[in-house]
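Chemist: after the sequence you'll find the predicted model.
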Amino acid sequence: MPHIKTSTAGEYFEKLKENVENTDQYVNTWDGELYLEYHRGTYTSHAYNKRMNRKMELLYREAEWFAVMRALAEGGQLSNAQQEKLTEGWKLILTNQFHDIIPGSSIFEVYEDCKRDYAQIEKIGRDVRDGAVSCVRQEEKAVYTVINANAFAQGGCVLLPEPDAAGKDFLECLNPGSLEVLTGCKVEAGLAHAQPSERFQFLRQGYFCADSRDSRPGHLVFNRSVSLKDSFKP
């Protein structure tokens, strides 16, 4: 075990200065603030906080995006972007990013306060976002507005509410002829190497997509996603 001596900070730095001045070895120097960078990327004993921190950062990015969209739709009135409310929420987000809070090294009462803070943060963000969304979407029956707030193209499934079935089982609202399998069909030779999920328009038929599971060279399977004309009425 190394020899340990209890001392003061002043004595420590005086001894350190003396050692540096008298050594013949290379001495590393630190330029800037003394900071222990190993706090970064650490695990936490309070996963709720790290989860909510990231969720709220994403929520506020989305809220700001929609708030600006709303302001532009209303003639460029950026004063309608509700920046005061967002600033209030951002300050709470940043407060709870304090390095003793996110790693889980604070006392119990701090995390009780965090839950109340995150509830308030989420309410502010959702109120601003949802209020702005209502001004940019198209309000019309059976019309759904899909908005990609990312800076890149994105694909995926969109979940829609159950259509108005007027008390019927939802299966009764489906076109009974929607699942029809045709075999032995002929297509252009250029489709022989169609890749899974690749999309095509078949003349006078509609838009089709190569099946991602069953389609392969020599055994092509295409699913029709949109017909050019459909007379089915639910």
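Modeler: Arrived safely, thanks for sending.

Chemist: tell me how many other residues surround H46.
Modeler: 17 (other CB atoms under 10 Å). C-betas here are computed from N, CA, C, even on glycine.

Chemist: roughly how far does V181 sit from R204?
Modeler: When CB to CB, to the nearest Å is applied, the distance between V181 and R204 equals 20 Å.

Chemist: and if you look at N223?
Modeler: Between N223 and R204 the computed distance is 17 Å (CB to CB).

Chemist: got it, and A189?
Modeler: 19 Å.

Chemist: now G76
Modeler: Distance from G76 to R204, counting by CB to CB: 45 Å.

Chemist: who's more crowded, the two?
Modeler: Taking G76 and R204 together and counting by other CB under 10 Å, G76 has the greater number of neighbours (10 against 7).

Chemist: could I get the phi/psi values of that one?
Modeler: Summarising the backbone geometry of G76 under the convention degrees, to the nearest 10, its torsions are phi 80, psi 20.

Chemist: look at it and report its pLDDT.
Modeler: The predicted structure scores G76 at 73 on the pLDDT scale.

Chemist: helix/strand/coil for Y207?
Modeler: For Y207, the assignment made with DSSP: H, G, I helix; E, B strand; the rest coil gives strand.

Chemist: run a quick neighbour tally on it.
Modeler: When neighbours are defined as other CB under 10 Å, Y207 has 15 of them.

Chemist: contacts only, for it.
Modeler: Residues counted as contacts of Y207 (CB atoms under 8 Å, 6 or more residues apart in numbering) are 199-201, 224-226.

Chemist: excluding chain neighbours, what is closest to it?
Modeler: Nearest in space to Y207, with sequence neighbours left out and distances taken as CB to CB, 6 or more residues apart in numbering, is V226 at 4.5 Å.
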